[in-house]
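# take a look and give me a structure for this.
(one chain, ligands or ions: 2)
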Amino acid sequence: MHMKRLASLVLMLGCVSAFAKASEREVWITLGADALSEVNAAFIVAGAKVPSLAGQKGDVVALKLPESEIDRVSRVMHDKLNRCGGFVYHDTEAEALAAVAGGGQTQFSPLAVTYTLDNGPVVNTLLASMAEPNILANITHLSSYTTRYYTSTTGVQAANWLKTLWEGYAGPRAQAGGDVTVQLFTHAAWAQPSVIMTITGTVTPSEIVVLGGHLDSTSSSSAAPGADDDASGIATISEVIRVAMANGYQPAKTVKFMAYAAEEVGLRGSKEIADSHKNQGANVIGALQLDMTNFKGSTIDVALMTDFTNAAQNTFITSLISTYVPGIQAANSTCGYACSDHASWTNAGFAASIPFEALMGQHNNLIHTSGDTLVKSGNNANHALKFAKVAGAYMAELAKGTASVSDSIPPTVAVTAPTAGASVSGSVTLSANATDNVGIGRVEFLVDGNLVGTATTSPYSATWNSAAVANGSHAVTARAYDLIGNTTTSAAVTVTSANASSNAIYDTVLRVPRCSNVGNVCDSTTLLNGRAGLGPEANAPNTINNSCADGVSGAYHSDESNDRIRVSTVSGNPFAPGETVRIEATAWVFSIRPDKLDLYYTATANSPVWTKIATISPVATGQQTLTATYTLPAGTLQAVRARFRYNGSAAPCGTSSYDDHDDIVFAVSP
Ligand code: BES
Ligand code: ZN
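Numbering: from 1, shown residues only. Ligands and ions are numbered 1, 2, ... in the order given. As a prediction, the model looks like this:
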């Protein structure tokens, strides 16, 4: 229906096309169907031939048009649909139609990459020598060309200047026999080359990590300084290159820095480069795009675009930010279309990401105008510096490798409390001594390898709830980090946790599992496993004084049941008024939408009055442990009720035929 209407619109307007030049080269673009009427209108207004519809599927259309009309599309996208419409250029009809068939986004599954953060000293060395004035100077220079348009002579000059800049950073490493090359990647169809700097990997050079931005700016009758879009991205990458060279960085994998030509006219430069990597079977394990890094339009600092990008790599970048660029905030956003060169890598089947200057819509609104100058960014490059740090961390953790690290001596660390062989219970203080030639950043405490606490100041100590682990032998270690990220883990100190029995026993008076002595855990273990007559649950319904019955429909561990309740203090101290208590309820989930867990407590187990704690929606089916916390009131015998239900609404007792109600009673200090 929609398709039919478009086809007749194009036909109807066919008469306007009489003046189009017959000889000119025809090209194809793909774009969102919602932009079509605006694009066609602009052609009509200008008395130009409306691009013909070459194909459509879902939200994506392919159009055929003379190459010289690309600029018109670009202008409509930016002026009329100032969300930036976005379109992708194609040389052939076959390629355009393939893109349409793929919904505009070719579906590949990039090889799974293992993302790890274990090159701290190198990352921190690189990041510590980054400086804003270098980025500012390079944005200033790049935005001084009248335009960097892909067909302009100044656009070519900018490429040559950048090549010289990068060669200068590399110094002798870029000379014959060195491990660095800086090359122009020429494009047959237009004048401006892309610029590519390669550092050959020392261990697995066939694996390639790409960091890129776009060199070109838009066409404009006055000027297209493109300071933010995208001199900022190029200058940000240039700072990564500068510190890599200044600190003798040698990646294990090959790193390629790219300044793409012709992005503004349909991602054309990056498409040729990404496609050539694909055609050569190159093993590109990740691509990072920096396009617009110097306008802080949001309270968050870095927006990670989730569309046309790789989710696993985006998660990796989020952890790089929290580990290496503390104090800066990241959040997800979307472009809504193939907005920059990362989409060329995604479309070629590689993992790509774009950390962007602001949430979509809050970004610099002067891009693509003569007003895209440094003035809009307060004449500084403070925001871009954050992206240089993100990019530096990305490079040194994905391509790993070495640098001339200023401090290569790791700390010393030893656990001082508890002592080896100690028997511990409840809340336990863990302490360590740590020293370093430069300084200690932090000390982490681990029990059986699991992080239980962190200290940043001496004397280093943390509190551990020993009741959170089973009674028996456990290994306590401390791991110290120095200021640059060198790390040492101490020898283990073995302790025995010996907490009073925390297993509830069935109470024939109250007719539910009960912990009669005051402890810090009360666990129903297997006593509640099942519902009504279904499953091993022996004393169903296990509600105080048989106060609420269970539904009897369905089958054990297919349909709903609440199988276990464990309550424990978060501190490890005994149950007492004011203590925060964690409830862990293990349930069998039949279906995630209708199934809900209602949790209640009462301060008076002998004559319960139920107060609601929470209703929890499980996120997966099968056996699930759902948790909530609450604060203990006064009362020497208290109880918790779990009701696991299918549909219905929250209440301590329900009548659905799949409802399971279970209580647990426990003693609390006065
Ligand atoms: N830097 C922009 C992309 C951008 C703009 C992202 C605003 C997020 C917010 C890029 O240079 C650009 O203009 N891209 C074109 C798309 C391309 C396919 C012609 C656009 O957005 O129209
Ligand atoms: Zn742009």
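# which residues sit against stretch 569-581?
426-428, 463-468, 518-522, 567-568, 582, 629-635, 638, 666-669 (Cβ atoms under 8 Å, 6 or more residues apart in numbering). (Glycine included, C-beta is placed from N, CA and C.)
# what helix or strand is residue 587 on?
If you go by DSSP states H and E, residue 587 is part of strand 580-589.
# kindly apply the preceding question to residue 198 instead.
Here residue 198 is assigned to strand 194-199, by DSSP H and E.
# show me what the helix or strand following that strand is packed up against.
Following strand 194-199 in sequence order, the next helix or strand is strand 204-214 (DSSP H and E). Here strand 204-214 touches helix 232-246, strand 253-260, helix 268-279, strand 283-289, helix 382-398, going by 3 or more Cβ pairs under 8 Å, 6 or more residues apart in numbering; DSSP states H and E.
# ok, strand 204-214: who's next to it in the sheet?
Strand 204-214 pairs in its sheet with strand 253-260 (parallel), strand 283-289 (parallel), by DSSP bridges.
# near ligand 2, anything from that strand?
No: using Cβ under 5 Å from the ion, strand 204-214 stays clear of ligand 2, with a minimum separation of 7.7 Å.
# may I see the buried residues of that strand?
205, 207-214 (16 or more other Cβ atoms under 10 Å).
# and what of stretch 40-52?
Buried, per 16+ other Cβ under 10 Å, within stretch 40-52: 40, 42-43, 48-52.
# list just the nearest of those to ligand 2.
residue 42 (18.0 Å; Cβ to the ion).
# wait, residue 226 touches residue 372, no?
Yes: between residue 226 and residue 372 there is a contact under Cβ atoms under 8 Å: 5.5 Å.
# looking at these two, which is more packed in?
The neighbour count for residue 226 versus residue 372, taken as other Cβ atoms under 10 Å, is higher for residue 226 (33 against 29).
# quick one, what contacts the nearest residue to residue 296 once chain neighbours are set aside?
Leaving aside its sequence neighbours, residue 296 sits nearest to residue 383 (Cβ to Cβ, 6 or more residues apart in numbering; 4.5 Å). If you count contacts by Cβ under 8 Å, 6+ apart, residue 383 has them with 293-296, 301, 357, 377.
# where do the helices sit along the stretch 51-200 of the chain?
Assignment of helices within the stretch 51-200 of the chain using DSSP state H, counting those that start in this stretch yields the ranges 70-79, 93-101, 120-128, 132-142, 153-170.
# which residue does this structure bring closest to ligand 2?
Closest to ligand 2 within the chain is residue 229: 4.4 Å, counting by Cβ to the ion.
# ok, so what distance separates the residue nearest to that residue when sequence neighbours are not counted from residue 297?
Leaving aside its chain neighbours, residue 229 sits nearest to residue 367 (3.9 Å; criterion: Cβ to Cβ, 6+ apart). Counting by Cβ to Cβ, to the nearest Å, the gap from residue 367 to residue 297 is 11 Å.
# more neighbours, those two?
residue 367 (23 against 18).
# looking at this, that one is in a helix?
No: judged by DSSP: H, G, I helix; E, B strand; the rest coil, residue 367 forms no part of a helix; its state is coil.
# so who does it touch?
Residue 367 neighbours (Cβ under 8 Å, 6+ apart): 226, 228-229, 292.
# equivalent analysis for residue 644, please.
560-562, 585, 587, 595-598, 659-660.
# ok, now with 10 Å
Each residue near residue 644 by Cβ atoms under 10 Å, 6 or more residues apart in numbering is listed here: 531, 550, 560-563, 585-590, 595-599, 616, 618, 626, 658-662.
# excluding its backbone neighbours, what's nearest residue 519?
Leaving out its chain neighbours, residue 519 is closest to residue 500 (Cβ to Cβ, 6+ apart), at 4.8 Å.
# looks to me like that neighbour is in a strand.
No: Residue 500 is assigned coil when assessed by three-state DSSP, not a strand.
# give the partner strands of the helix or strand that the strand holding residue 587 is followed by in its sheet and their orientations.
Next along the chain after strand 580-589, taking DSSP H and E as the criterion, comes strand 595-602. Looking at strand 595-602 with DSSP bridges, its partner strands are strand 611-616 (antiparallel), strand 637-646 (antiparallel).
# so which bits of the last one are buried?
The reference is to strand 637-646. Neighbour count says strand 637-646 has 637-646 buried, by 16+ other Cβ under 10 Å.
# output those of those residues also counted as contacts of ligand 2.
Within those, nothing lies near ligand 2 by Cβ under 5 Å from the ion.
# which pair in the residues you listed spans the largest distance?
Largest separation among these by Cβ to Cβ: 637 and 646, giving 31.3 Å.
# where does pLDDT dip in the stretch 401-550 of the chain?
For the stretch 401-550 of the chain, applying pLDDT under 70 flags no range at all.
# strands of that one, start to end?
For the stretch 401-550 of the chain, strands defined by DSSP state E, counting those that start in this stretch occupy the ranges 412-417, 423-424, 427-435, 440-447, 450-455, 460-465, 472-482, 487-489, 493-497, 505-507, 512-515, 521-523.
# distance to residue 544 added to these, as TSV?
Below are the strands of the stretch 401-550 of the chain laid out as TSV (distance: least, Cβ to Cβ, whole Å):
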stretch	distance to residue 544
strand 412-417	43
strand 423-424	34
strand 427-435	30
strand 440-447	36
strand 450-455	35
strand 460-465	28
strand 472-482	33
strand 487-489	48
strand 493-497	31
strand 505-507	9
strand 512-515	6
strand 521-523	14
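# need those strands in TSV with distance to ligand 2 and mean neighbour count, can you?
What follows is the strands of the stretch 401-550 of the chain, written out as TSV (distance: least, Cβ to the ion, whole Å; neighbours: other Cβ atoms under 10 Å):
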stretch	distance to ligand 2	mean neighbour count
strand 412-417	50	18
strand 423-424	61	16
strand 427-435	50	19
strand 440-447	40	21
strand 450-455	43	15
strand 460-465	49	20
strand 472-482	41	20
strand 487-489	42	16
strand 493-497	58	19
strand 505-507	70	14
strand 512-515	65	26
strand 521-523	59	25
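# I'd like those as CSV, with distance to ligand 1 appended.
Converted to CSV, the strands of the stretch 401-550 of the chain look like this (distance: least, Cβ to the nearest ligand atom, whole Å):
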stretch, distance to ligand 1
strand 412-417, 46
strand 423-424, 55
strand 427-435, 45
strand 440-447, 36
strand 450-455, 37
strand 460-465, 43
strand 472-482, 37
strand 487-489, 38
strand 493-497, 53
strand 505-507, 63
strand 512-515, 58
strand 521-523, 52
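# show me what residue 583 is bridged to.
In beta-bridge terms (that is, DSSP bridges), residue 583 pairs with residue 567, residue 628.
# let me know the pLDDT of it.
On the pLDDT scale, residue 583 is placed at 97.
# got the contact list for it?
Contacts were defined as Cβ under 10 Å, 6+ apart; by that measure residue 583 touches 565-568, 597, 599, 601, 613-614, 616, 626-630, 640, 642, 664.
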